[in-house]
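In: Sequence and computational prediction follow.
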Amino acid sequence: MSSGVLFGGPTPEHDISILTGLQALRELSRATTAVGVYWTKTGAFYLVDADVEAEAFIDGVPKGSSEVTLRLGEGGGFFGRRDRRLDLEALVLATHGGPGEDGTLQGALDLAGLAYSGPTVAGAALGMDKWTFGALMVQAGVPTLPRALLSATTPSLPFAGPYILKPRFGGSSIGIDVVADLATARARLEVNTHFALGCVVEPYREDLSDLQIAMRSFPTLELSAIERPLRRSANAEILNYRDKYVGGEGMVSAPRELPASLNDEQRGAVLGHARTVAALGGLRGVARLDFLANGDELYVNEINTIPGSLAKYLFVDPPVAFATLLSDLLREARERPAHRYSAAGADGLVLRSAGTIAAKLA
């Protein structure tokens with residue numbers, strides 16, 4: 001059997017997913033048989049060579065790739081030429097954003113009986129929903145900035161401006177906007193397509209900067225070094241998509257201070273909140289937790305359940321080799337399945353006593 005890496009997908013983070021996927025595929029191929037499964041922008045799946053380069057995807061599906069289909073149910077999985085099922089022991093998911101990180105893909109793989117790395121359906125959905133994640137933090141007493149849902153008819157907000165607007169479902173700073181007042185915020189709803197499924201608004205705090213930490217769940221909970229990502233432009237209002245990813249290797253090449261220079265109290269708070277969030281969110285695989293902080297305040301911002309480059313660059317203290325990180329992801333996928341369906345309790349008792357459907361409609 002071989003391991004696989006699944007990447008791409010119909011998401012604004014499609015290109016970054018390709019970079020993460022190719023890094024994982026190349027590393028796995030050094031030690032074992034690994035196959036790449038490319039998910040196109042239109043939803044098709046293709047097998048690609050393990051040595052393919054990123055530029056081969058610029059115009060779509062790389063030359064020489066072969067299409068496969070995903071089938072659900074007993075005996076499900078990926079099927080290729082001559083209707084042959086791919087013999088995959090587990091998949092590393094490198095699917096950033098959209099249906100690859102919101103639980104959609106995870107649910108399909110559960111139904112197909114394929115083992116995979118990363119979040120469960122519930123964990124993925126929670127991480128992708130900024131409103132629900134923030135509400136959970138508040139309920140658990142974890143410090144986070146106040147949030148509100150914004151619509152075209154919102155009459156007021158419970159905090160003063162300026163405001164930062166975020167797509168309710170999304171990641172990687174895509175679609176984020178900073179505005180001065182409520183009227184401008186409402187106007188942005190009409191022109192920003194990323195707000196179509198909802199918009200979360202928070203107070204914009206210029207005095208707060210970013211901190212990040214990675215967490216992995218297997219074989220035991222382990223936290224990475226704490227990173228202070230740096231903005232490429234001193235005039236940038238937020239750590240944006242370009243800061244994070246434009247540099248050739250995804251998150252690996254982004255500017256940063258690692259480890260971040262923090263006092264003992266703040267470092268301890270970051271580690272403590274990370275452990276709390278890992279438990280609350282049912283951490284599985286590798287995730288990155290993002291904070292906003294200044295010298296006196298610290299707030300949990302959001303969680304990225306399938307982070308760029310699988311956050312491999314953050315595990316420097318203690319060091320974790322990328323090969324080890326991937327091996328552990330595959331072991332967890334095999335040994336701790338994301339979900340096991342059961343029909344226990346469906347014993348026919350209700351059906352035997354149900355009578356006729358016609359009687360129930362009368």
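Out: Cool, the structure landed.

In: what helix or strand does residue 4 sit in?
Out: strand 2-8 (DSSP states H and E).

In: try residue 210
Out: Using DSSP H and E, residue 210 falls in strand 209-216.

In: now swap in residue 149 and tell me
Out: strand 148-150.

In: Pull out the buried positions in stretch 195-210.
Out: The neighbour-count criterion (16 or more other C-beta atoms under 10 Å) identifies 195, 198-204, 208-210 as the buried residues of stretch 195-210. (Each C-beta comes from the backbone N, C-alpha and C, glycine too.)

In: Out of those residues, which two sit at the greatest distance?
Out: Greatest spatial distance in the buried residues of stretch 195-210: 198 and 209, 26.5 Å, computed using C-beta to C-beta.

In: Specify the local secondary structure of residue 105.
Out: With DSSP: H, G, I helix; E, B strand; the rest coil as the basis, residue 105 sits in helix.

In: related to what we said a few turns ago, and the buried residues of stretch 195-210 as a markdown table, adding pLDDT, secondary structure and distance to residue 63?
Out: As requested, the buried residues of stretch 195-210 are exported to a markdown table (pLDDT from 0 to 100; DSSP: H, G, I helix; E, B strand; the rest coil; distance: C-beta to C-beta, whole Å):
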| residue | pLDDT | secondary structure | distance to residue 63 |
| --- | --- | --- | --- |
| 195 | 96 | helix | 38 |
| 198 | 97 | coil | 40 |
| 199 | 98 | strand | 41 |
| 200 | 98 | strand | 42 |
| 201 | 98 | strand | 46 |
| 202 | 98 | strand | 45 |
| 203 | 98 | strand | 50 |
| 204 | 98 | coil | 46 |
| 208 | 97 | coil | 47 |
| 209 | 95 | strand | 44 |
| 210 | 97 | strand | 40 |
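
In: I'd like the residues you listed written out as TSV, with distance to residue 133 added.
Out: Below are the buried residues of stretch 195-210 laid out as TSV (distance: C-beta to C-beta, whole Å):
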residue	distance to residue 133
195	17
198	13
199	15
200	10
201	15
202	12
203	17
204	19
208	18
209	20
210	17
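
In: wait, which of those is closest to residue 173?
Out: Nearest to residue 173 among these: residue 210, at 10.4 Å, using C-beta to C-beta.

In: Which segments of this structure make up each domain?
Out: 2-116, 158-203, 207-318 (automatic domain parsing).

In: right, and those - which one's nearest residue 344?
Out: So among the domains of the chain, domain 2-116 is nearest, using C-beta to C-beta, at 17.0 Å.

In: ok, which stretches of this protein are helices?
Out: Under the criterion DSSP state H, the chain contains helices at 14-29, 104-112, 121-128, 130-140, 182-191, 241-245, 264-280, 322-335, 349-352, 357-361.

In: wait, which of those helices is closest to residue 225?
Out: helix 264-280 (10.1 Å).

In: From the contact counts, what lies against that closest one?
Out: In terms of contacts (3 or more C-beta pairs under 8 Å, 6 or more residues apart in numbering; DSSP states H and E), helix 264-280 is packed against helix 130-140, strand 209-216, strand 222-229, strand 286-293, strand 298-304.
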